[in-house]
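Q: sequence unknown, structure follows:
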């Protein structure tokens, strides 16, 4: 069965520091992978997605993610974090077959120190 | 227009009330979704509509009743809810539900409190 693991529940980084949020997936075929961000009390906004091709994917707000099939990982990175990046981040895999819905990881909360 | 709108933003209801949540999109998407999200948890899928027909019901209690009047609108009718149903209810849409690569666009959610 498909699953997504985000090992870090909460991460705190200083403003201006680099960021890496981890995501591991379990999926038999080529995965469709997504990173979403959710500010408190808000809906989810898509940061980036991977379907195929180039394993380094660029997203909005200066985020990027790298797909590594050998490690079953899709880690999210940002070279310099801004205070406004503080939010909850969800990694998700698209469920295959006729059910095109998403399987979410449990999320990683990002706090940013001034 | 790449927006999914949801009304109301907040809703407080008693256990005997009947209320409805509304979701609307004008992106021409043919799949629409209802998710429930408890605090500090990821969204949990409730229902999926594909071409205005219910295609997935994730064993949701009958006190939640979805409706898709047309391709742009999705309602969630609520009746006899329990306090544990208090949560953020998110609506999403995508081009078609049957393809895993379709990204979902989420609305801002309705914060529901059941007293």
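A: Structure received. Because the structure is predicted, anything quoted here is derived from the model rather than measured.
Q: Surely residue A:70 forms part of a helix?
A: Yes: per DSSP: H, G, I helix; E, B strand; the rest coil, residue A:70 lies within a helix segment.
Q: Neighbours of it, how many?
A: Per other C-beta atoms under 10 Å in any protein chain shown, the neighbour tally for residue A:70 reads 5. Yep, even glycine has a C-beta here, placed from its N, CA and C like the rest.
Q: Distance of it relative to residue A:1?
A: 21 Å (C-beta to C-beta, to the nearest Å).
Q: which secondary element of chain A has the worst mean pLDDT?
A: Ranking every helix and strand in chain A by mean pLDDT, DSSP states H and E puts strand A:102-104 at the bottom, with a mean of 89.
Q: Check the secondary structure at residue A:61 for me.
A: Applying three-state DSSP: residue A:61 is helix.
Q: That one touches residue A:48, doesn't it?
A: No: contact criterion C-beta atoms under 8 Å: residue A:61 and residue A:48 do not qualify, at 9.5 Å.
Q: who's more crowded, the two?
A: residue A:48 (19 against 12).
Q: dump the residue contacts of that one.
A: A:34-35, A:57-60, A:63-65, A:76 (C-beta atoms under 8 Å, 6 or more residues apart in numbering or on different chains).
Q: go again using 7 Å as the cut-off
A: A:35, A:57-59, A:63, A:65 (C-beta atoms under 7 Å, 6 or more residues apart in numbering or on different chains).
Q: Which residues does the nearest residue to residue A:21 once chain neighbours are set aside form beta bridges with?
A: Spatial nearest neighbour of residue A:21, chain neighbours left out: residue A:76 (4.3 Å); criterion: C-beta to C-beta, 6 or more residues apart in numbering or on different chains. With DSSP bridges as the criterion, residue A:76 is bridged to residue A:21, residue A:65.
Q: can you count the residues close to residue A:76?
A: Quick note: residue A:76 (other C-beta under 10 Å) scores 24 neighbours.
Q: Just confirm it contacts residue A:63, I think it does.
A: Yes: Residue A:76 is in contact with residue A:63 according to C-beta atoms under 7 Å; the separation is 6.0 Å.
Q: sorry, back to before: can you list contacts of the least confident helix or strand of chain A?
A: A:2-4, A:34, A:90, A:92-95, B:42-43, B:104.
Q: Take those and write them to a markdown table, including pLDDT and distance to residue B:16.
A: What follows is the contacts of strand A:102-104, written out as a markdown table (pLDDT from 0 to 100; distance: C-beta to C-beta, whole Å):
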| residue | pLDDT | distance to residue B:16 |
| --- | --- | --- |
| A:2 | 80 | 40 |
| A:3 | 88 | 39 |
| A:4 | 94 | 39 |
| A:34 | 95 | 39 |
| A:90 | 97 | 35 |
| A:92 | 94 | 37 |
| A:93 | 90 | 40 |
| A:94 | 85 | 39 |
| A:95 | 73 | 37 |
| B:42 | 94 | 31 |
| B:43 | 93 | 28 |
| B:104 | 90 | 34 |
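Q: residues in chain A within reach of chain B, list them.
A: Residues of chain A found near chain B (C-beta under 7 Å from any C-beta of the partner chain) are A:32, A:34, A:41-44, A:46, A:49, A:51, A:90, A:94-96, A:98-102, A:104-107.
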